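S.K.: A predicted structure for the sequence below; I have some questions about it.
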Amino acid sequence: MPNLENAAPSNPAWYPPEDDDVVPQLPPFYSPRPIPVSRAISELDLNSLHITHPAFGQDPRSSNSHADHDSDHESSLQSPLESDHELPGLVSPQFTPPSTPGNGTQTPSHPHQHIPRSVPVDSSIPSGGCGTKKPQLLPQLPDVNCVVRARIPTTIGGSGTEMFLHLYQNSEDNKEHLAIVFGNTIRSKSLDRVREGETEMDRLIRGAYTGRLYPGRTSSKADSANGNGARAAERNDPPLVRIHSECYTGETVWSARCDCGEQLDEAARLMSLPGSGGGVIIYLRQEGRGIGLGEKLKAYNLQDLGNDTVEANLLLRHPADARSYGLATAMLADLGLQDIRLLTNNPDKVRAVEGPNREIVVKERVAMIPLAWRGAKGGIRSQEVGGYLKTKIEKMGHMLQMNEGS
Ligand SMILES: Nc1nc2c(ncn2[C@@H]2O[C@H](COP(=O)(O)OP(=O)(O)OP(=O)(O)O)[C@@H](O)[C@H]2O)c(=O)[nH]1
């Protein structure tokens with residue numbers, strides 16, 4: 001057990017600047033942050049916030065239109081104390097003026113219809129929008145094998161959206177990593193490969209069929225006479241991909257300590273939108289950024305004792321982030337993807353998922369803006385999630401575009 005009397009991170013690289021008022025120099029793809037986020041947070045009462053600035057969409061409790069907000073724009077740039085407007089999460093419009101790059105996105109008619117802006121990225125150049133840190137990559141990708149796939153009708157967007165759940169085995173660990181595939185055009189090569197001695201029924205049972213199953217079907221091949229062939233791609237953009245790390249607390253037991261649950265929901269929602277072309281969520285069993293649920297729960301206790309998410313990991317003698325993404329790269333390659341649009345705020349992920357030989361190329365990064373910041377339904381508001389997001393931005397380099405609420 002760590003000595004809590006001396007509860008400081010052992011790795012000085014993770015300390016925040018001594019002077020809390022120092023504003024770090026950020027590359028141009030960040031929103032300007034004229035005052036430290038820590039101060040912004042302390043000035044806000046996270047429990048009483050609602051959103052009125054147009055950049056975050058319309059406050060559901062307000063009867064004013066977006067146009068009204070736009071015309072009221074100048075007053076919304078006043079300090080929180082001067083203005084009538086109450087402010088969202090970590091940021092206020094005061095800190096992120098609308099001239100910030102990327103603010104040209106059209107305001108959606110409803111905040112929850114929000115389709116986030118894609119930012120072109122290029123990891124091969126330092127100014128490419130994904131940080132400069134070199135990920136530690138294995139020299140070659142692990143072997144992955146999709147052993148079974150099944151159609152799952154879902155509750156996403158009411159009803160009617162289906163996805164195909166792909167279960168993978170691999171050469172690195174004994175965990176069942178998953179690919180959640182939206183749309184009919186993305187197929188796993190390892191699943192489709194013919195296994196020695198297998199029958200057509202074997203193929204149907206392990207999901208290696210095209211089209212849909214129906215009672216009495218006997219062949220795994222496309223059955224176009226029955227309208228059962230694979231549909232053509234709906235759009236030509238690189239597919240949307242989310243690499244998601246398991247979070248039992250955030251996804252299953254309603255934790256308001258992190259934004260993991262809403263990120264998973266939001267990724268699925270975006271991939272289900274009509275015309276989105278579908279997409280893939282790679283669901284990695286990397287609970288607690290790779291340290292496991294038991295250790296994460298200890299880390300939560302350390303956080304309640306006053307440490308942030310990074311310090312807590314270090315006190316437990318874990319790295320701040322114990323994840324790697326080689327399995328995700330291999331699974332995406334198995335699914336026949338090469339160029340992708342990646343839903344993330346984490347620059348390390350952009351570089352790492354590309355693999356040792358850029359087997360995957362991230363063409364665009366799509367920011368995951370916390371729902372509460374843009375006034376969307378279901379956004380998490382808690383002191384804990386505020387602190388968590390702050391640490392992700394300040395210590396883990398997460399590229400949250402704080403003004404991009406629309
Ligand atoms: N160790 C630890 N893990 C956490 C904590 N909160 C959430 N997690 C885990 O963090 C993982 C998600 O990572 P995040 O840092 O939230 O986000 P990310 O995946 O790096 O970046 P995005 O792609 O932008 O979401 C999940 O595995 C969660 O279980 C925490 O306080 N401590």
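M.R.: That came through, no problem.

S.K.: can you confirm Gly294 is in a strand?
M.R.: No. Gly294: not assigned to a strand; according to DSSP: H, G, I helix; E, B strand; the rest coil it is helix.

S.K.: Around it, count how many other residues there are.
M.R.: Using other C-beta atoms under 10 Å, Gly294 is surrounded by 10 other residues. The way it works is simple: take the backbone N, C-alpha and C, and place the C-beta from them, glycine included.

S.K.: One more: Leu204?
M.R.: Counted with other C-beta under 10 Å, Leu204 comes out at 15.

S.K.: quick check, it in a helix?
M.R.: Yes. Residue state for Leu204 (three-state DSSP) corresponds to a helix.

S.K.: quick one: it from the ligand, how far?
M.R.: Separation of Leu204 from the ligand (C-beta to the nearest ligand atom, to the nearest Å): 34 Å.

S.K.: wait, that residue sits on Leu213?
M.R.: Yes. At 6.5 Å, Leu204 and Leu213 qualify as touching, with contact defined as C-beta atoms under 8 Å.

S.K.: pLDDT weak spots in this structure?
M.R.: 1-115, 223-235, 401-406 (pLDDT under 70).

S.K.: Can you pull the domain assignment for it?
M.R.: Under the assignment automatic domain parsing, the domains of the chain span 25-113+379-406, 144-286+323-368.

S.K.: Show me the strands in the stretch 151-300 of the chain, by range?
M.R.: 162-170, 177-182, 240-245, 279-284 (DSSP state E, counting those that start in this stretch).

S.K.: To the ligand, which of the ones you listed lies closest?
M.R.: Of all these, strand 240-245 sits nearest to the ligand, with 3.4 Å by C-beta to the nearest ligand atom.

S.K.: So which residues make contact with the closest one?
M.R.: With C-beta atoms under 8 Å, 6 or more residues apart in numbering as the test, strand 240-245 has contacts from 260, 263-264, 267, 270-271, 276-284, 286-287, 289-290, 323, 325, 328, 332, 337, 340-344, 349, 353, 366.

S.K.: Can you tell me which of those residues end up in helices?
M.R.: By the criterion of DSSP state H, membership of those in helices covers 260, 263-264, 267, 270-271, 328, 332, 349, 353.

S.K.: To what extent is the closest residue to Arg341 other than its chain neighbours buried, counted in neighbours?
M.R.: Leaving aside its chain neighbours, Arg341 sits nearest to Glu364 (4.3 Å; criterion: C-beta to C-beta, 6 or more residues apart in numbering). By other C-beta under 10 Å, 19 other residues sit near Glu364.

S.K.: what's the answer for Lys377, then?
M.R.: Residues contacting Lys377 under the criterion other C-beta under 10 Å number 9.

S.K.: tell me which element Arg351 is part of?
M.R.: Under the criterion of DSSP states H and E, Arg351 resides in helix 347-353.

S.K.: what about that helix and the ligand, any contact?
M.R.: Yes. Using C-beta under 6 Å from any ligand atom, we find that helix 347-353 touches the ligand at Lys349.

S.K.: export that helix as PDB, just CAs?
M.R.: Extracted in PDB, the C-alpha atoms of helix 347-353 (Å, rounded to 0.1, in the frame of the first residue of the first chain):
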ATOM      1  CA  PRO A 347      -3.600  12.200 -29.000                       C
ATOM      2  CA  ASP A 348      -1.700   9.000 -27.900                       C
ATOM      3  CA  LYS A 349      -4.500   6.900 -29.300                       C
ATOM      4  CA  VAL A 350      -4.300   8.500 -32.700                       C
ATOM      5  CA  ARG A 351      -0.600   7.600 -33.100                       C
ATOM      6  CA  ALA A 352      -0.800   4.300 -31.400                       C
ATOM      7  CA  VAL A 353      -3.700   2.900 -33.300                       C
END
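
S.K.: can you map out the helices along the chain?
M.R.: 37-43, 66-71, 73-76, 189-192, 200-205, 248-251, 260-272, 293-304, 309-315, 326-334, 347-353, 383-394.

S.K.: Within range of the ligand, give me the residues from the stretch 201-350 of the chain.
M.R.: So the stretch 201-350 of the chain meets the ligand at 245-247, 258, 260, 263, 286-289, 291, 296, 299, 309, 313, 344-346, 349 (C-beta under 6 Å from any ligand atom).

S.K.: try 8 Å
M.R.: Of all the residues in the stretch 201-350 of the chain, those in contact range of the ligand (C-beta under 8 Å from any ligand atom) are 242-250, 257-260, 263, 286-291, 293, 295-296, 299-300, 303, 309, 312-313, 318, 321, 323, 343-346, 348-349.

S.K.: thinking again about what came up before, can I get the strands of the stretch 151-300 of the chain in CSV including mean neighbour count?
M.R.: As requested, these are arranged in CSV below (neighbours: other C-beta atoms under 10 Å):
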stretch, mean neighbour count
strand 162-170, 20
strand 177-182, 23
strand 240-245, 24
strand 279-284, 24
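
S.K.: so how far is Val385 from the nearest residue to Tyr248 once chain neighbours are set aside?
M.R.: Once flanking residues are discounted, Tyr248 sits nearest to Leu293: 5.6 Å by C-beta to C-beta, 6+ apart. Distance, Leu293 to Val385, using C-beta to C-beta, to the nearest Å: 19 Å.
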